[in-house]
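Q: model the structure of this input:
(2 chains)
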Amino acid sequence: MKYSISNTQLFFMMVLATLSGGTFLLIGGDARQDAWISILFSMGFAVFEILLYTILFSEYPKDTIIAYMPKIFGRHLGNIICFLFLVRFVYLAARLLRDNVNVIVASVIPYSSLYGITLLLFLPTVVSLYYGIENFFRFGEIVFFIFIIFLFAQYMLVFFTGDIVHFNNLQPILEKGMEPIVKQAFPDQLVFPFGTNVLFAMFFPYLNKPQKVHKTAVTATIFTGLTLTLNVILIISVLGVDYALASISPFLDTIRHIRVGFVDRIDILSIILIVLSGFIKTTVTAFAALIAAKQFFNYKKESKGLIIAICAIIYFASIFSGPNYMKHLYIGLKVVPIYVFQIYVTVPFIALVVHYIRKRSNRA
Amino acid sequence: MKKVFIIFFIITITAASFSGCGKSQQKDIEKRAIILSAGYDLSKEGKFIVTMQAIKPQTRTERGGAAATQTPSDVIIHSSTGRTVNEAFDEVSGVLGKQPYFSHEKFIIIGESLARKGIELVLDSCLRGRETRPNVPIYVCKENAYDYIKTRGLDEAIPSEEIINIMELQAQKGFTFLTSPVEMYNSISQNSYNITGVVSFERKKAGDVPSDIFNISGSAIFKKDKLLGFLDKQETKTLALIKNKVKTGDFTLQVPESPNDIISLEIADAKCKTIPVINDNNISMLLIIKVKSNIAETNYKVNLKKNPDVIHKIEQLENEEIKKQIQALIYKLQKEYKMDVLGFGEALNKNYPKLWKNNKEKWNDVFSEIKVDIQVESHIELTGSITKPAY
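A: Residues are numbered from 1 along each chain as shown, chains lettered A, B, ... in the order given. Alright, predicted model coming up:
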């Protein structure tokens, strides 16, 4: 493992990847105006989710998920689980690519060919895979600063635009009680947006200070959770609950309301942020898929062929992911999370339990 | 060196093939009809008549000898018909040779007959379009929107620019409302009443030349997507006060003891809180209004520097006057119109959602019987640059 990434870089990337999906699509559909409460809940659960992985990592300090699953479950069951993770990562990368493409296509160029635009947006990811993780994470540091500064600048501008932020749109609080909130938070929101954290378990072995991983991961989750809460509060306050739920990109609609002096019509800035962070998230997922494939198929050296193979699969999967954008969203938000939840949460939990039982029986 | 060349080649090819060079994606400014405002009417067969005002992209200096009697104009007016709004706009490119471009649309005017029938298609096309901005105000006009879109105003060569400026200033004074399609969408989903502004004409004759001045005051009441009724200028201002929309404007008071004396106040800020008060299932409303104003003009012969307590008396007068106007408006809305435009239902929902659920069905009747308590606190800070009128 000649790569080495610092904890700060890990923090930046975790925040970027999770914020990228969460800010720009509204989450918390059933909870309506209490969506922000449901995000705070998921944040709590997500901390536990990521701790599962960091604890597993500290037990197996040089291994990614794919490496230690067979050690815990034995070769056959372990391989099945690894395959599930691999498929999940590849499929996720394909879906994210499709999401990215749709953002651009829906807002800027609606008539071009899907194959061409997807290829264009995918090429930076492929090139990043060639150049390796360390370089990519360094790039992530720069993107993080740009992203956070512009995101919070936009939030400020929304506040400064008179008369559009109506906090009473968030009322009545707890109108339907806690039930829809908890139903939304668990399991759906653990997969999106907080499920992205799980991908980073593939990168833990590359950290140069592995003992601090717990603190980094939990801080990243909390920071992301708070930002997402602020985001949802702002969106609902400006747009109103009904319109926010009906809109395809509520964040963009909120930013379109900004009018502070001469600062008007800055939605192109938001689109740039969305595409940039979407690229980061897609590439992180692609890296996770690449490392998973490398370890699953037991490649010892870097292989350009493997990169091309994985990329080709991701490319075609993304184009065939759903005949139109609505179906694609539906699959992603309603059909997939139930299965993925098992993979992301139940499996490592059982893994931890099995690991501790074995440890104890080995000692005895 | 070879690598640089390859990269350059790839960039050029992709830029050329994926940019908007195709015929259907003309984005040059001369090939786009930049729409400044649109008017929607109902034709006799029930189709949409869409009138649009588009800008003519040419510089002023080119048109040297413009007619002296008419202000030269930089806009094109065009009208088209269709079963839906989109179909009507589709025709535009057939006539003008340009695709319509909505990002600069400043406002929308809907004719009265269309508004009464229902504006759901217009609203939907506004919100679904990816170029229309979400905060374009919707206006209703008496008679046909066509007449308003095609009229040239007094001041500027681009009438839409002039109108939107008037709209924004009038909205700050509370004479009109700037309701966006997003707000309409939300109020339709929640089945509550909504208000839009109204635009009408005052036809004046300056010498021999008739000129039309836009009168942007008054408001229209909508339930779901249908127009139900109108409010006049004074009622709209009072309603705007209750809805926290008044930011400036004039407020004139008559001094009761000396009927020739009159005071004009300039509003600096106004806030109103609508609070539902529950007493054993008895619903009543409390309106707390705080107004900050300054004295702008008066002939009331008192030296305010020597007698500052008189200011307190003027504040009392202001409280009384505002309270009277609100009571008149509430009476009209409760007894004559029976429409909860004041937002009482929403205030109840936000604070006591269970009570709202019980009363939702018969809310119109409940609303007409609600007792409203009005507390006005006005505060006069400054008296202008002088402390007493000349006497």
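
Q: now the helices: where do they sit in the stretch 51-200 of chain B?
A: Remark: helices assigned in the stretch 51-200 of chain B by DSSP state H, counting those that start in this stretch are B:85-96, B:112-117, B:120-128, B:145-149, B:159-173, B:181-189.

Q: which other helices and strands does the last one contact?
A: So the one you mean is helix B:181-189. Applying 3 or more CB pairs under 8 Å, 6 or more residues apart in numbering or on different chains; DSSP states H and E, we find helix B:181-189 packed against helix A:241-246, helix B:120-128, strand B:193-206. Glycine gets a C-beta too; all of them are placed from N, C-alpha and C.

Q: distance to A:Leu10 added to the helices of the stretch 51-200 of chain B, as a markdown table?
A: Converted to a markdown table, the helices of the stretch 51-200 of chain B look like this (distance: least, CB to CB, whole Å):
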| stretch | distance to A:Leu10 |
| --- | --- |
| helix B:85-96 | 49 |
| helix B:112-117 | 57 |
| helix B:120-128 | 41 |
| helix B:145-149 | 58 |
| helix B:159-173 | 49 |
| helix B:181-189 | 39 |
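
Q: point out the most buried one among those helices.
A: Among the helices of the stretch 51-200 of chain B, helix B:145-149 has the highest mean neighbour count (mean count of other CB atoms under 10 Å in any protein chain shown), at a mean of 23.

Q: ok, back up a step: now distance to A:Leu174 and mean pLDDT too, for the helices of the stretch 51-200 of chain B, in JSON lines please.
A: JSON lines is the format used below for these (distance: least, CB to CB, whole Å; pLDDT from 0 to 100):
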{"stretch": "helix B:85-96", "distance to A:Leu174": "40", "mean pLDDT": "84"}
{"stretch": "helix B:112-117", "distance to A:Leu174": "37", "mean pLDDT": "91"}
{"stretch": "helix B:120-128", "distance to A:Leu174": "29", "mean pLDDT": "88"}
{"stretch": "helix B:145-149", "distance to A:Leu174": "44", "mean pLDDT": "83"}
{"stretch": "helix B:159-173", "distance to A:Leu174": "34", "mean pLDDT": "87"}
{"stretch": "helix B:181-189", "distance to A:Leu174": "20", "mean pLDDT": "91"}
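
Q: the ones you listed: which one's closest to A:Phe12?
A: helix B:181-189 (34.5 Å; CB to CB).

Q: who touches the closest one?
A: The set of residues external to helix B:181-189 that reach it, using CB atoms under 8 Å, 6 or more residues apart in numbering or on different chains, is A:239-243, A:246, A:253, B:119-120, B:123, B:126-127, B:132, B:134-136, B:138, B:193-194, B:196, B:222, B:224-225.

Q: just how off-centre is it within its chain?
A: 14 Å (CA atoms, centre = their mean, to the nearest Å).

Q: element containing B:Ile49, please.
A: strand B:48-55 (DSSP states H and E).

Q: compute the inter-axis angle for that strand and helix B:85-96.
A: 50 degrees (axes from the mean of the first three to the mean of the last three CA atoms, to 10 degrees).

Q: give me the sheet partners of strand B:48-55 and which way each runs.
A: Looking at strand B:48-55 with DSSP bridges, its partner strands are strand B:32-42 (antiparallel), strand B:75-82 (antiparallel).

Q: for chain B, which helix or strand comes out least confident on mean pLDDT?
A: Lowest by mean pLDDT, DSSP states H and E among the helices and strands of chain B is strand B:209-215, with a mean of 73.

Q: with distance to B:Leu42 as added columns, please give the helices and strands packed on helix B:181-189 in TSV.
A: As requested, these are exported to TSV (distance: least, CB to CB, whole Å):
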stretch	distance to B:Leu42
helix A:241-246	26
helix B:120-128	11
strand B:193-206	17
